[in-house]
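In: Quick one, what's the 3D model for this:
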Amino acid sequence: MNMNYAIFGNGTLGKWVRNAIDKNAPDYKLICMADNNPDLHGIEPDGTPVVSAKELSVLYKNGDIDTIIVAVQVRWVYINPLLKQLNSLGITEVYILPQYYYDYLGDNISITDSLIAIPTEKPCINRNLNIVLNRHCNLNCQGCGMFANLYNEPCFSDFSQYKKDLLRLKELFSQARYIGLFGGEPLLNKELPDYIKLCRELFPAASIYVETNGILLLSCEDSLFETMRDNNVCILITPYVISKNNEIAIKERCNQFNVCYVYRGDNVDDLDFRSSFYKMLDSSGKHTDIVKSYNDCINRGSSNNWHVYNGYMSSCLFPLYVNKYNETFGETFKVEPADTINIYNKDLDGWTLSDYLQSPKPFCRYCAYRNERKFFDWSRTTEAKTSDWLVNEEN
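Out: Modelled structure (predicted):
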């Protein structure tokens, strides 16, 4: 099939996409490159024109171009302003490469078969979208940031609510760049294959990670590995000393099914086993300069993390999950209505939700500044105490 196409983005990534298409899709004809940087406009040495966004829109409307490929990774801040710009110029649809093509599968799949169409009228989720599949864990770390060690009984998320929430996010956003399925320990959830399949169906462009401590991987059924492989899912393992002797067996198991896996720290040959945790909550709520707390927040990761749970979203995990701490130790942390947002608000759109998730919230007053956080040696615990989380209490 002959295809006249253009690439928006004449930087390193745009040239890489062009070369990959040239090698693998001879029936694709490059009409032009486009870029917002006027210094890049003109004629390439091979005669390819580099045009402005406005000039690109004219070619698109005249039918000279069938497909516009946006060579900007969804993870970057540029994608959503670019979608807005192109939409204002009458370009209603563009194509992107799925984030996992860049992250972990690019050498193994066809570039042209991987292109995904997205509407320009809606933003992408260009942050890490984190979804809890269960609140309990098999490790029970002291001071767990998800409070998983406070659960004495299994506490699974409701799949029907998960489905409802993802469908709503699909209404609000065109695609997502990263979705982390975690817990607790997500491998405890026997419905994990169903969670994976639905996530991939609704967000085909996302890099999807199952985030695990890895301890249960060797006992998982073959069908789970097959589901992860078939849905281009990667396993993200946080290595703990308790699983120190399992890395070779885990590698062999993943390779057996051709499933991508990565360790936090990235050096599989010399793993950085988790040896410490830190506590960062201050029950006094004295950090009233919430802008400073927000900008200093290590969990926020420069605004990189969003969380969705039971119909609500937050850029911080604590307002969504601190309820278990309050149930266990008494009402310590007050969650204000402004700390989370109901994604089913009928007046909400993706642009408004994105703006909301990138601003300080009242709960920021409970977070210690980075230089006030206290580290302690990692350990498992059978009896949790408030000082495991609070910087204003000594262990």
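In: Confirm that residue 95 sits in a strand.
Out: Yes: counting by DSSP: H, G, I helix; E, B strand; the rest coil, residue 95 is located in a strand.
In: Spatially nearest residue to it (excluding sequence neighbours)?
Out: In this structure, residue 95 finds its nearest non-sequential neighbour in residue 115, 4.4 Å apart by C-beta to C-beta, 6 or more residues apart in numbering. All C-beta spots, glycine's among them, are computed from the backbone N, C-alpha and C.
In: Local confidence estimate at residue 359?
Out: For residue 359, the model assigns a pLDDT of 90.
In: Okay, the residue lying closest to it once chain neighbours are set aside and residue 320: tell me how far apart.
Out: Closest residue to residue 359 apart from its sequence neighbours, by C-beta to C-beta, 6+ apart: residue 294 at 7.6 Å. Remark: distance between residue 294 and residue 320 (C-beta to C-beta, to the nearest Å) = 16 Å.
In: Specify the local secondary structure of the residue sitting furthest away from the middle of the chain.
Out: Relative to the centre of the chain, the most outlying C-alpha is that of residue 47, 38.8 Å out, by C-alpha atoms, centre = their mean. Three-state call for residue 47 (three-state DSSP): coil.
In: Next, the contact list for it, please.
Out: Contacts for residue 47 (C-beta atoms under 8 Å, 6 or more residues apart in numbering) come out as none.
In: Could you do residue 114 as well?
Out: By C-beta under 8 Å, 6+ apart, the neighbours of residue 114 are 97-98, 101.
In: Now it: phi and psi?
Out: Phi and psi for residue 114, reported as degrees, to the nearest 10, are phi -90, psi -10.
In: Test for you: state the pLDDT assigned to it.
Out: pLDDT, residue 114: 84.
In: how near is it to residue 20?
Out: Taken as C-beta to C-beta, the span from residue 114 to residue 20 is 10 Å.
In: repeat for residue 26
Out: 12 Å.
In: okay, the two: which has more neighbours?
Out: A direct count of neighbours by other C-beta atoms under 10 Å for residue 26 and residue 20 places residue 20 higher, at 16 against 9.
In: which other residues reach the helix or strand harbouring residue 200?
Out: In the assignment (DSSP states H and E), residue 200 maps to helix 192-202. Here helix 192-202 makes contact (C-beta under 8 Å, 6+ apart) with 131, 133, 159, 162-163, 166-167, 169-170, 179, 181, 186, 189, 206, 208, 210, 223-224, 227-228, 231-233.
In: Repeat the analysis, applying 7 Å as the threshold.
Out: 133, 159, 162-163, 166-167, 170, 179, 181, 186, 208, 223-224, 227-228, 231-233 (C-beta atoms under 7 Å, 6 or more residues apart in numbering).
In: cool, and stretch 332-342?
Out: 283, 311-314, 319-320, 322, 325-326, 353, 356, 361-363, 366.
In: mind redoing it with 10 Å?
Out: 281-283, 285, 307-316, 318-320, 322-323, 325-326, 348, 352-353, 356-357, 359-366, 386, 389-390 (C-beta atoms under 10 Å, 6 or more residues apart in numbering).
In: which SSE is residue 23 in?
Out: Here residue 23, judged by DSSP H and E, is contained in helix 12-24.
In: circling back to that earlier point, ok, of the contacts of helix 192-202, which come out buried?
Out: Neighbour-count burial (16 or more other C-beta atoms under 10 Å) applied to those gives 133, 162, 166, 179, 181, 186, 208, 224, 227-228, 231-233.
In: By pLDDT, rank those residues and give me the bottom one.
Out: residue 232 (93).
In: buried ones in the helix or strand harbouring residue 57?
Out: Using DSSP H and E, residue 57 maps to helix 53-61. The neighbour-count check on helix 53-61 (16+ other C-beta under 10 Å) flags 53, 56-57, 59-60 as buried.
In: Show me this protein divided up by domain.
Out: 3-119, 125-388 (automatic domain parsing).
In: which residues in the stretch 101-250 of the chain form strands?
Out: 116-119, 125-132, 176-182, 207-212, 233-237 (DSSP state E, counting those that start in this stretch).
In: Against which helices or strands is the third one packed?
Out: If contacts are counted by 3 or more C-beta pairs under 10 Å, 6 or more residues apart in numbering; DSSP states H and E, strand 176-182 sits against helix 99-100, strand 125-132, helix 159-172, helix 192-202, strand 207-212, strand 233-237, strand 305-309.
In: Turn the ones you listed into a markdown table, columns for distance to residue 247.
Out: Below are the helices and strands packed on strand 176-182 laid out as a markdown table (distance: least, C-beta to C-beta, whole Å):
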| stretch | distance to residue 247 |
| --- | --- |
| helix 99-100 | 23 |
| strand 125-132 | 25 |
| helix 159-172 | 31 |
| helix 192-202 | 22 |
| strand 207-212 | 13 |
| strand 233-237 | 9 |
| strand 305-309 | 27 |
